[in-house]
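S.K.: The following comprises the amino acid sequence and a computationally predicted model.
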Amino acid sequence: MTDVVVTDALEEVAPPSGRHGAAAWASWFARRIGLAVLTLWLVSILVYVATSSLGNPVKAILGRDYLADKARAAQLTSQLNLDEPLVTRYLHWLGGLFTGDLGTSIASQRPVSELIGSNVVNTLVLVLVSAIVMIPVAFGIAMLSANYRRRRPDTVIQTILLTLAGLPEFVIGILLVAVFSTTVFHLLPAVTLVAAGGHPWDQPKAMVLPVATLVLAVAPYVSRIVRSTLLEVLDSDYVELARLKGIPERVVMRKHALLNALVPGIQVIALQLAWLAGGVVVVETLYNYPGVGFQLVDSVRNHDVSMVQALSMIIAAIYVLVNLIADVLSILLTPRARTAISS
Amino acid sequence: MSATVSSDRERAGTGIAVQNLRIGLTARPGVDVVDDIDLVLKPGEVVGLVGESGSGKTTVGTALLGYTRAGALIEKGKVLFEDKDVLGLPWQQVRQLRGEEIAYVPQDPAAALNPSIRIGKQIVELLELRGIGTPASRLQGARDGLAEVGLPNDDEFLRRYSHQLSGGQVQRVALAMAFLPKPKVLVLDEPTTGLDVTTQGMVLQTMGELCRSHGVAALYVTHDLAVISNIADRVAVMYAGQIAELGPRETIFGQPTHPYTRALLDSIPHLSQARALTGIPGRTPAPGARPDGCRFHDRCSYAIDECSAGVPELREVAPDHLVRCIRSEQIGHWDISRGTVPDSDPNQHREPILTLGDLKVFYGHTEVVHGVSFEVGKAEVVALVGESGSGKTTISRCVGGLHKEWTGSITFEGNELGKGSRSRSASDRKRVQYIFQNPYLSLNPRLTIEQIVRRPMELFGLASGKEATDRVVALLDQVALGPAVLRYQASRLSGGERQRVAIARALAAEPDLLVCDEITSALDVSVQGSIVALLEDLRQTRGISMLFVTHNLALVRSIASRVQILNAGNVVESGFVVDVMDRPQQEYTQRLLANSPRID
């Protein structure tokens, strides 16, 4: 009789099918890419409409000269194609995006792509270096904190993290500058000086303070999210079983708990990194770091419409890309979701 | 046979003994979770530790591994294993014992395996960390272990994650994992909760064989007396943190001597005969709220003044039979057939109130119920029985208007019922009420009990204002809850009390048909007993019909007059409970009956 039962039980779950795995993954990935492109397209409409509806840019650029200098006004109007309808101008601009032609800067009369290329790279490097430092630090602190849950070290760590999270990043930046480069010590340069054609990382010392500021600004959020997920996982039945099985605590933490607490951490890291890419204006200004945020503020001040449009699209693209990577990683790290796609 | 057993036992060691164990709460000194626990597990023996929720049985189980959950601590006592006191050892050595010498099989099969580690890796993880054997020998061990518990052991299976296994398979993986390091003591914490009876029967059989063949001393922690009666050699009954009665299985089920054991046995339905089930009045006291003296005296029908005076000793009333009751000699004998009633009469006149005709139910494009037809008569209880995935809850949800994707007909007193509750008339919605399985999720946590029970009256315009409040009090009284709970929120009530509130809410609409979806499966047996008694009373006094969904065949015998046995969306057998259970025609029904744990 037992035999009958056993064969029945084996049929309860069909084995996962491996044949369609690759095809399923490809179609899933194609769908995600399609969605990302759709998002960017919607962003492009918003960006274009928003920058175009702020009134006549020529008037804004020329100011009082608008009425006096009719020839210059006419030249600008035709350069910006303002005599054409909005839809035509949008389509023209969109076509330019695909061919890599981002338009011409009004302020400097040079191609936008030439102007922003190095700044985009600079910002990406800053964000990347910050991420490389921040991720292990944030996870380490979270694990330490979770290990001492609700005891003194945990309380101290959580208080410090909350204080850091509550401080605006320019306050952190000013404090760091005061301590490390001006008032107390003179160890590190306070501003980034880049020679023409050079990069900020030619002087590694100059990167330290901007990176430190960003890490201090972002790590608290990531750390707190990972800690709370870890605490939840540490209360789960499978962690209890691992302990009762005699698995050493550090292995429990590293393999059984952390592996299941990664996903919310990855999601919050993605959001923070994307924010860093566009929102670090204050930090870039503070350290005079030649990045995207710095340039965006500059362009807005100069009413440089083409620059603002191009930079907005680049920031949006970084947002979409980073979140796409985070979603893929989350799926890969969640066996249930992963096997759901491949079967 | 005896020769091999004794040689096995020599190899297996000396078992494990708990002495005078007391576990308290870190936050409230002086309050005990469990107290005065003495228990001996011999090699090759399965000891059942039975108790209702809050009795401290799991706490005792994990204490054998020197482990307590956060918030509890071991105050005194010893756990003697091979002349060592597990509780007195430094933690490094305790960890060394865990898994290799004393293993644990967890409660909830689905939650207990790590969801992101492949099962093949999880099984050998401990051996790998301790450096026992070679990779090849470990892999072979895992394969042999899986074969031993009746699972496939090819590479494909070892590469699966726990969510790719069924509940019974996960539980057997956990068993194989616990047995792999060849432990001498095994603690099993309700390892079959939530499994179907056939799967449960198989897991229990596997476990019993492994324990006896490997000479393992096993502690089987459970709330289910019927399971215990099938597998344990000796049984310890726990109540409110103490052992109330301890003895060989035959004694505990044949001559139970503690009033609590008897009350528990009285609340269990039998497969062979219908019974008038009874509950135990009151509720199991939580740590800190336990009465002085005998902890059961405030719920005990035999209690006298002396019972509240001092804590009774666990005394030996017969060889190997210990009872913690000062009146055990005076309370007479117990008989298993106490409370049996005649099965419902097949020949009585029936007047159909609900008729299902060729009901086919779909989830998306998948047909999950394939043309089911049956009737429910007035003041009649019809049970829908089957294993998980048989479609029993799906059918009940269609009747209740909670699932819309179906074809066929559901007729209620001659009217066709609409697909979803939105397309039904107010009177149809009022007259068919649904009670959910989990009372912890079915009551709004932000409303008071009064608001919850009033709501249907206001919705259907049955009563309002003072009149409604009076009716709420009357309804709560009917389900044996006092007016004190009116202002409570659901979180202050126990599971049984919540389910009573859910029943009162359903009754508030003055229904003619109650759809009861596994309404007792989340509850302790004594609470189940009182809920069943309540439903039977409602059926007789108010003439309410019930569609009673359950997986428990013994319960069906006591509550229903007709039964529909479901398998994979088809009715395989139906008829009067007496006929189906005494003379099952289908092989599937026979197998269900054979695998159902029973105490009679």
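M.R.: Alright, I've got the coordinates.

S.K.: drop to CA atoms for contacts and neighbour counts, all remaining ones
M.R.: Noted.

S.K.: Just say helix, strand or coil for the nearest residue to A:Ala317 once chain neighbours are set aside.
M.R.: Leaving out its chain neighbours, the residue that sits closest to A:Ala317 by CA to CA, 6 or more residues apart in numbering or on different chains is A:Leu40, at 6.7 Å. Following DSSP: H, G, I helix; E, B strand; the rest coil, A:Leu40 is assigned to helix.

S.K.: quick one: A:Leu40 and A:Ile314, what's the gap?
M.R.: 10 Å (CA to CA, to the nearest Å).

S.K.: Now do the contacts for A:Leu187.
M.R.: Contacts for A:Leu187 (CA atoms under 8 Å, 6 or more residues apart in numbering or on different chains) come out as A:180-181.

S.K.: What backbone torsions are found at it?
M.R.: Dihedral angles of A:Leu187 (phi, psi; degrees, to the nearest 10) stand at phi -80, psi -40.

S.K.: Walk me through the domains of the chain.
M.R.: In the absence of a named chain, chain A is used. A:19-99, A:116-342 (automatic domain parsing).

S.K.: Switch to chain B, please.
M.R.: If you go by automatic domain parsing, chain B breaks into B:2-232, B:239-335, B:352-595.

S.K.: what about those domains, which gets the closest to A:Thr334?
M.R.: When the domains of chain B are compared by CA to CA, domain B:2-232 sits nearest A:Thr334, at 6.7 Å.

S.K.: which residues touch the residue nearest in space to the middle of chain A?
M.R.: With distances taken as CA atoms, centre = their mean, the residue of chain A nearest its centroid is A:Ala274 (1.5 Å). For A:Ala274, the contact set (CA under 8 Å, 6+ apart) comprises A:315, A:318-319, A:322-323.

S.K.: Show me the shaky parts of the stretch 351-500 of chain B.
M.R.: Within the stretch 351-500 of chain B, no range satisfies pLDDT under 70.

S.K.: Tell me where it has strands.
M.R.: B:352-363, B:366-377, B:381-385, B:406-412, B:415-416, B:432-435 (DSSP state E, counting those that start in this stretch).

S.K.: Quick one, which of those strands gets closest to chain A.
M.R.: Proximity to chain A, assessed across the strands of the stretch 351-500 of chain B by CA to the nearest CA, is greatest for strand B:366-377 (15.2 Å).

S.K.: Not counting its own residues, what contacts that closest one?
M.R.: Residues contacting strand B:366-377 (CA under 8 Å, 6+ apart): B:350-362, B:382, B:391, B:394-395, B:408, B:545-547, B:568-571.

S.K.: switch to 7 Å and redo it
M.R.: The set of residues external to strand B:366-377 that reach it, using CA atoms under 7 Å, 6 or more residues apart in numbering or on different chains, is B:350-362, B:382, B:391, B:545, B:569-571.

S.K.: And for stretch B:83-91?
M.R.: Against stretch B:83-91 from outside (CA under 7 Å, 6+ apart): B:66, B:78-80, B:94.

S.K.: Pick out the most distant pair among these.
M.R.: B:Lys78 and B:Val94, at 13.3 Å, using CA to CA across the contacts of stretch B:83-91.

S.K.: okay, now residue 325: neighbour count?
M.R.: The chain I'm using is chain A. By the criterion of other CA atoms under 10 Å in any protein chain shown, A:Ile325 has 13 neighbours.

S.K.: Chain B, not that one
M.R.: There are 23 residues near B:Cys325, going by other CA under 10 Å.

S.K.: for the stretch 151-300 of chain A, which spans come out with low pLDDT?
M.R.: Checking the stretch 151-300 of chain A against pLDDT under 70 turns up A:196-197, A:278-279.

S.K.: what does it put close to chain B?
M.R.: Residues of the stretch 151-300 of chain A lying close to chain B by CA under 7 Å from any CA of the partner chain are A:237-238, A:241, A:244-247, A:256, A:260.

S.K.: Show me which positions of stretch B:385-399 end up buried.
M.R.: Across stretch B:385-399, burial judged by 16 or more other CA atoms under 10 Å in any protein chain shown covers B:385-388, B:390-399.

S.K.: now those in TSV, with distance to B:Cys294?
M.R.: What follows is the buried residues of stretch B:385-399, written out as TSV (distance: CA to CA, whole Å):
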residue	distance to B:Cys294
B:Val385	40
B:Gly386	41
B:Glu387	41
B:Ser388	41
B:Ser390	45
B:Gly391	46
B:Lys392	43
B:Thr393	42
B:Thr394	46
B:Ile395	47
B:Ser396	44
B:Arg397	45
B:Cys398	49
B:Val399	48
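
S.K.: restrict the residues you listed to contacts with chain A.
M.R.: Counting by CA under 7 Å from any CA, no member of these reaches chain A.

S.K.: Which of the residues you listed sits closest to B:Ile228?
M.R.: Of the buried residues of stretch B:385-399, the one sitting nearest to B:Ile228 (CA to CA) turns out to be B:Glu387, at 20.9 Å.

S.K.: any idea which helix is longest in chain A?
M.R.: Across chain A, the longest stretch assigned as helix under DSSP state H is helix A:112-147.

S.K.: any idea of the mean pLDDT in it?
M.R.: The average pLDDT for helix A:112-147 rounds to 90.

S.K.: Any residue of that helix touching chain B?
M.R.: No. Helix A:112-147 does not reach chain B (CA under 7 Å from any CA); its nearest approach is 13.1 Å.

S.K.: Packing partners of that helix?
M.R.: With contacts taken as 3 or more CA pairs under 7 Å, 6 or more residues apart in numbering or on different chains; DSSP states H and E, helix A:112-147 sits against helix A:204-234, helix A:258-279, helix A:292-301.

S.K.: could you redo the ones you listed as JSON lines and give each row distance to B:Lys466?
M.R.: Listed next are the helices and strands packed on helix A:112-147 as JSON lines, based on distance: least, CA to CA, whole Å:
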{"stretch": "helix A:204-234", "distance to B:Lys466": "46"}
{"stretch": "helix A:258-279", "distance to B:Lys466": "51"}
{"stretch": "helix A:292-301", "distance to B:Lys466": "66"}
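
S.K.: Go through the contacts of A:Ala274 and name the one nearest chain B.
M.R.: A:Asn323 (22.3 Å).

S.K.: what's around A:Thr99, how many residues?
M.R.: By the criterion of other CA under 10 Å, A:Thr99 has 9 neighbours.

S.K.: And A:Arg31, by the same measure?
M.R.: By other CA under 10 Å, neighbour count at A:Arg31 equals 12.

S.K.: and it, what element?
M.R.: helix A:21-52 (DSSP states H and E).

S.K.: starting at the chain centroid, how far to that helix?
M.R.: On the basis of CA atoms, centre = their mean, to the nearest Å, the separation between the geometric centre of helix A:21-52 and that of its chain is 17 Å.

S.K.: if we can go back for a sec, between the buried residues of stretch B:385-399, which is closest to chain A?
M.R.: B:Ser388 (11.0 Å).

S.K.: can you pull the contacts of that closest one?
M.R.: Taking CA under 7 Å, 6+ apart, one finds B:Asp196 in contact with B:Ser388.

S.K.: Would you quantify the distance from it to B:Ser166?
M.R.: 11 Å.

S.K.: what number of residues lie near A:Ala326?
M.R.: Neighbour number of A:Ala326 under other CA under 10 Å is 21.

S.K.: residues in contact with it?
M.R.: Counted by CA under 7 Å, 6+ apart, A:Ala326 has contacts A:266-267, A:270.

S.K.: Looking at the residues you listed, which is nearest chain B?
M.R.: A:Ile266 (16.0 Å).

S.K.: Run a quick neighbour tally on residue 43.
M.R.: By default, I'm working from chain A. A:Val43 has 16 neighbouring residues, counting by other CA under 10 Å.

S.K.: hm, I was asking about chain B
M.R.: With other CA under 10 Å as criterion, B:Pro43 counts 26.

S.K.: With adjacent residues omitted, what lies nearest to it?
M.R.: Counting by CA to CA, 6+ apart, B:Pro43 lies nearest to B:Ala217, which is 4.3 Å off, once chain neighbours are set aside.

S.K.: these two touch, right, the one you found and B:Val187?
M.R.: No. Applying CA atoms under 7 Å, one finds B:Ala217 not in contact with B:Val187, separated by 8.6 Å.
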